[in-house]
Structures are given as C-alpha cells and as structure tokens.
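Visitor: Just need the structure, nothing else, for what follows:
(chains A and B)
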Protein chains: 2
Amino acid sequence: MFGSRQGWREAPYVSCPAEPAALARGLVSAALPDGGAMQIVPGVSHVDEDGVPDVMRGEETQIAGLPVQPGRRFVVLPGTHSKWALCEGETLVRFASFMTGEVFAVMAQHSILGRLFVGEGIDADGFARGLAHASRAPERQGGLLHRLFSARTLGLFEAMPAASLRGYLSGLLIGSEIAEAIALFGGAPPDKVTIVGSGALTGLYEQGLRARGVSVEPAPPDAALAGLMRIAQAARLIS
Amino acid sequence: MFGSRQGWREAPYVSCPAEPAALARGLVSAALPDGGAMQIVPGVSHVDEDGVPDVMRGEETQIAGLPVQPGRRFVVLPGTHSKWALCEGETLVRFASFMTGEVFAVMAQHSILGRLFVGEGIDADGFARGLAHASRAPERQGGLLHRLFSARTLGLFEAMPAASLRGYLSGLLIGSEIAEAIALFGGAPPDKVTIVGSGALTGLYEQGLRARGVSVEPAPPDAALAGLMRIAQAARLIS
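Guide: The predicted structure is shown next:
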C-alpha cells in the first residue's frame, strides 16, 4: 500500500473511534517532483479489550464515503482480509479483520484440499452446502480446523461432486466468517449490513448473510472516491 | 499411503465402531513377487450425524497397539491432520480430524503471516501467548479466521517480538484444536488423554492440554508395532 510502512511514505494509523475529521488530521503530505504535494490518507487501527491490535488501510476511505446514517450500522468489506466495521453516524467505532480470502487461496492452492478440486468456478450447490456446514453448532462440528477436513472427505467418499468442492470451501469459509462476526459483535445477527464491493464475491457474501436472516444494503459504487472527497473537505483542502 | 486409493493396493476403510478384530477382517492380501503374500491394514472411517465422513489411515494401528484400558478413553494423535479418537476398551468408537499441522504449514509458508516470521523455532513465550489467545471465548475473539490475523498485527505493532510469532501461530492453532475437540466431544475437557507420538510436537500438545486441565498419559513408543501384532493375532496370522 501507498501509505504503509513498505509503501512510498508511511501514514501512521489513526486509532478508533475515527470519523472523517480524524482521518483528515492524520493526512500525510508528500512532496511531488513538480513542487506540488500529495496527501496520503492514514489507515485505522483498533486495539481490542485483550490488547490485540487490528488494522485497515483503504477500507476506512470507503467507509468515509458511505452516505451518513443516524445510529449504529455494520459495514462488511469482503476481501483477502475481510473487514466488519461498526459505525455510529459518521464515526468508525471499531472493526475486526478476518483472513477469509487468504485462507481460501492458500488452502485451495497449497493444501491437500485443492488436490481434489476440478475447475475454477464457485459451484452454487457446493457453496450452499458449505454455508450450511458453517452454520452448525461448535458442539456438533467443532470449529474450522475440523470442518476444513470435510472439503477433502466429502470428495474422497464421493459424497460431493469434485466440481462442487471449491465452492464448498468458499461457502464454508464465508459462512464461518459471518458466524464469527455475529459472535464477536454481540451474538445476535444484525438486522441489516451495508456491503462494500461489487461482483461475484459480494454476491456470495449477500447469499451467506441472507441465509442468516441479515438483510443487505449495497454501498454506492463510488464509495472510495466519495470518501476521498469527504476527507479532503474535512481537511479543508476542498470546499 | 500403501493401502490408499493412490497406494499400491487399496485396502477399503472399515467403519467405526472398529476393534482390532474388525481391522483383521478388513486386511487385504497382496501377492509378493517371491510367491508370498503381504497383508495391508485397512484405514478407518466415521460418518458423523450430519453425514460428513472422516478418515484415518495408520493411526488405527497405533490405537490398536495401546494397552487396553476398561471404559472410555481419549487418544490424541498430533500431526498434519491431527486425530482425536474416543475408545471404549479396545473399540475405536468415533474420531475427528483437525487440519492443524497443515494449516500451520501453509499459513507460515504461503500467507502474509509468514512474512514477519524470523527463525524456524517455536518460541516458548510466543507459544504460550498463542495458547492463551485460543482459549478466549468466541464472543470475545470470534473464531480462527479473525484470530489468525493477530499473528500479523501483533508483529506489525511490535507487541510481540518477530522471533515469537511462529510460536504464537503454533500455540494459537494447537490451542484452537484442543478447544474444538473439547466442544465436539461433550463440552467439558476430559480428565485425561493418551497422546501418541514423541518429540517436540507431542510436547507442545501436552502443554496445551495441561493448560486446559487435562492430564496427559504418553502412549508406549512401540504402539504401531504392537498394533500390527494385535491385528495379526486377531487375524490368526500369528499366535
């Protein structure tokens, strides 16, 4: 990332709770060769009650670009390291990351699970069965370390077509993320979440959320640009 | 494996509950070039109440080689795909696999987590902190998809030395396996488990189990050989 420690110039994390004005105060200016200056938006960090930090970089700008709503709102940003953010009005109160996308990629490519996979697509039936398996109680199915193995044994026993196994793993992981997030943010599924992103991945999350009784509101497609504008306004760089 | 579908000759799985006599009945004979015959021990399968199969191949022989105890006993076999087996007398009643070892390997080698790791060892302090993090409640820390990210952020925020991060991931995963297995096998930790194996990995599991109040009894080091003898006796191949 541009503003990460390995990026062009580091923009240190701003702590939660963070509203657009806090992001504006955290802007880092970098000189351009032509004498101008560029502003880098900081990432956001949150340290939980056990002292464990969490970070986002980029998603805070998308969140800042959402139309402001009164009261509490959950924002879900699917991806390699998915984020669930709890907002109040325009303030990002706290958030949590989930390694869902990366666990899917490394298990599919580098573990024994991928050896039985056929094709590249996410099969709808496999995905639905993975979601269902993720929703079973821990006293019935343990947690992810046990459940992951089912993506092998169902194939081995021909209890699922090989073409469905990749979709099954995807459903199992996305469903597990949703179950984890529900536990982490109060135990009961929220009535509604705002989902940021577009395309196939967002559609899979919508399916998983609806299966848990959560209604889904899509974010406007220009949330990142709107967020940059909102932060620039808060910094009085534009009016 | 020798008797797997990709092996030399397939020895089909025997279903749980399985005692040494059932393994003996499942022996598959393979002709040797010199006119003799070799016996291949079958693996064991278990289909759970949700219709999801689980498999072991090799561990059933180690379990068959344990000194028989009256009543219920838990046997833990750490590894790439760790097994927890519930036995009654000499019968393997049911079991569950956990992808702990493989998840550790692929996340350390192929995910963003490994990029901050320094050295190859399992640091004791990191391991203990990982165990502690695994023992926290889901409503406090979610599940594995969220917790895994802490192995990055603790390093990123220098809240843990880089040399401890590999041990932290190991403790987090072994501790998660133990928590999953406790949930899966009745909710309360068993008083005692028998652990099969030797060396550093077994020691890490012992530490994790003791931290949950479970006492650990090591299996005799020759359990696999004793299991082969026991199965051969049940098959009347030897007396």
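Visitor: thought A:Met56 was touching A:Lys83?
Guide: Yes: applying CB atoms under 8 Å as the test, A:Met56 and A:Lys83 come out as touching, 5.4 Å apart. To be clear about C-beta, it is placed using only N, CA and C from the backbone, and glycine gets the same treatment.
Visitor: Find residues that contact each of these two.
Guide: Jointly contacting A:Met56 and A:Lys83 under the rule CB atoms under 8 Å, 6 or more residues apart in numbering or on different chains are A:Phe95, A:Ser97.
Visitor: Can you list the strands that the stretch of helix or strand A:Ala30 belongs to pairs with?
Guide: Assigned by DSSP states H and E, A:Ala30 belongs to strand A:28-31. If you go by DSSP bridges, strand A:28-31 pairs up with strand A:37-40 (antiparallel).
Visitor: Enumerate the positions of the partner strand that are buried.
Guide: Within strand A:37-40, the residues scored as buried using 16 or more other CB atoms under 10 Å in any protein chain shown are A:Gln39, A:Ile40.
Visitor: and the next helix or strand after it, what does it pack onto?
Guide: Once strand A:37-40 ends, the next helix or strand along the chain (criterion: DSSP H and E) is strand A:44-47. Judged by 3 or more CB pairs under 8 Å, 6 or more residues apart in numbering or on different chains; DSSP states H and E, strand A:44-47 is in contact with strand A:14-15, strand A:53-56, strand A:91-98.
Visitor: contacting residues around strand A:44-47?
Guide: Contacts to strand A:44-47, defined as CB under 8 Å, 6+ apart, come from residues A:13-16, A:18, A:23, A:53-57, A:60, A:92, A:94-96, B:157.
Visitor: Apply 7 Å and report the result again.
Guide: A:13-16, A:18, A:53-56, A:60, A:92, A:94-95 (CB atoms under 7 Å, 6 or more residues apart in numbering or on different chains).
Visitor: Among those residues, which ones lie close to chain B?
Guide: By CB under 7 Å from any CB of the partner chain, the members of those lying near chain B are A:Pro53, A:Asp54, A:Val55.
Visitor: could you dump these to CSV with distance to A:Gly143?
Guide: Listed next are those as CSV, based on distance: CB to CB, whole Å:
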residue, distance to A:Gly143
A:Pro53, 23
A:Asp54, 20
A:Val55, 24
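Visitor: out of these, who's nearest B:Thr153?
Guide: Among those, A:Pro53 lies closest to B:Thr153 (CB to CB), at 4.4 Å.
Visitor: isn't that closest one right up against B:Thr153?
Guide: Yes: the criterion here is CB atoms under 7 Å, and A:Pro53 meets it with B:Thr153 at 4.4 Å.
Visitor: Now do the phi/psi pair for the residue nearest in space to the middle of chain A.
Guide: By CA atoms, centre = their mean, chain A has its centre lying nearest to A:Ser82, at 2.1 Å. Dihedral pair for A:Ser82: phi -60, psi 150, per degrees, to the nearest 10.
Visitor: quick one: pLDDT of the residue lying closest to it once chain neighbours are set aside?
Guide: Sequence neighbours aside, A:Phe98 is the residue nearest to A:Ser82 in space, at 4.6 Å (criterion: CB to CB, 6 or more residues apart in numbering or on different chains). On the pLDDT scale, A:Phe98 is placed at 98.
Visitor: hang on, isn't A:Phe98 packed against A:Ala179?
Guide: No: counting by CB under 7 Å, A:Phe98 stays clear of A:Ala179, with 10.6 Å between them.
Visitor: who's more crowded, these two?
Guide: Taking neighbours as other CB atoms under 10 Å in any protein chain shown, A:Phe98 and A:Ala179 compare with A:Phe98 leading, 31 against 25.
Visitor: tell me the contacts of that one?
Guide: A:Phe98 touches A:Ser82, A:Glu177, A:Glu180, B:Leu145, B:His146, counting by CB under 7 Å, 6+ apart.
Visitor: Was I right to think the fourth one contacts A:Thr100?
Guide: Yes: contact status for B:Leu145 versus A:Thr100: in contact at 5.4 Å, counting by CB under 7 Å.
Visitor: if I look at these two, which residues touch both of them?
Guide: In contact with both B:Leu145 and A:Thr100: A:Glu177, using CB under 7 Å, 6+ apart.
Visitor: Name the secondary structure element that contains A:Glu49.
Guide: Under the assignment here (DSSP H and E), A:Glu49 is part of no helix and no strand.
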